[in-house]
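Visitor: Need a 3D model of the sequence below.
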Amino acid sequence: MTTKKILIVDDEEIIHKTLKKILNSASLELSSAYNGLQALEMAESEFPDLILLDINMPKMDGNEVMRELRKNPKTRSIPVIMLTGNGEVIDRVVGYELGVQDYVTKPFDVKDFKSRIECQFG
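Guide: Next up is the predicted model:
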């Protein structure tokens, strides 16, 4: 099995630690970005297989990051799962309109979350 790269984008360290614990696997390479600008730089330089993206972050929110990712030919096809505390229908609709593949609301069920990630890798 080939190693898949996942970029975790969230401004909270506890989320990074939690996700790294949940996704600890030899087949996954995890990297971290703590704001939207850092996420865009890393997406272009590392070209991850999947991005887990929070909405509420400093410097640039997740929706702005999505707009920029989809504008850039190098990053436009990277699958993105929004992972956020924003659970309102309008937040989900905006996310899907911006091109996210899936939308997971915190707190989440670990088994459900893992299966959503697996779905992105076929």
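Visitor: What segments of the protein are helices?
Guide: For the chain, the helices defined by DSSP state H occupy 13-22, 36-46, 62-71, 89-98, 110-120.
Visitor: Can you name every helix or strand that the second one contacts?
Guide: Contacts defined by 3 or more C-beta pairs under 8 Å, 6 or more residues apart in numbering; DSSP states H and E place helix 36-46 against strand 4-9, strand 28-33, strand 50-53, helix 62-71. Placement of C-beta: from N, CA and C, glycine included.
Visitor: Tabulate the helices of the chain in JSON lines, adding columns for distance to residue 77.
Guide: Formatted as JSON lines, those follow (distance: least, C-beta to C-beta, whole Å):
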{"stretch": "helix 13-22", "distance to residue 77": "23"}
{"stretch": "helix 36-46", "distance to residue 77": "11"}
{"stretch": "helix 62-71", "distance to residue 77": "9"}
{"stretch": "helix 89-98", "distance to residue 77": "14"}
{"stretch": "helix 110-120", "distance to residue 77": "12"}
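Visitor: most tightly surrounded among those helices?
Guide: Neighbour counts (mean count of other C-beta atoms under 10 Å) averaged over each of those peak at helix 62-71, with a mean of 19.
Visitor: could you check the angle helix 89-98 makes with it?
Guide: Here helix 62-71 runs at an angle of 10 degrees relative to helix 89-98 (axes from the mean of the first three to the mean of the last three C-alpha atoms, to 10 degrees).
Visitor: List the contacts of helix 62-71.
Guide: Residues outside helix 62-71 that contact it (C-beta atoms under 8 Å, 6 or more residues apart in numbering) are 9, 36, 39-40, 43, 51, 53-56, 60, 75-76, 78, 80, 82, 84, 94-95, 98-100.
Visitor: before we move on, what about stretch 78-95?
Guide: Outside stretch 78-95, the residues that touch it by C-beta under 8 Å, 6+ apart are 10, 15, 19, 43, 47-56, 62-63, 66, 69, 99-106, 108, 116-117, 120.
Visitor: still on that earlier bit, looking at the helices and strands packed on helix 36-46, which is nearest to residue 112?
Guide: Set against residue 112 and scored by C-beta to C-beta, the helices and strands packed on helix 36-46 come closest in strand 50-53, at 14.0 Å.
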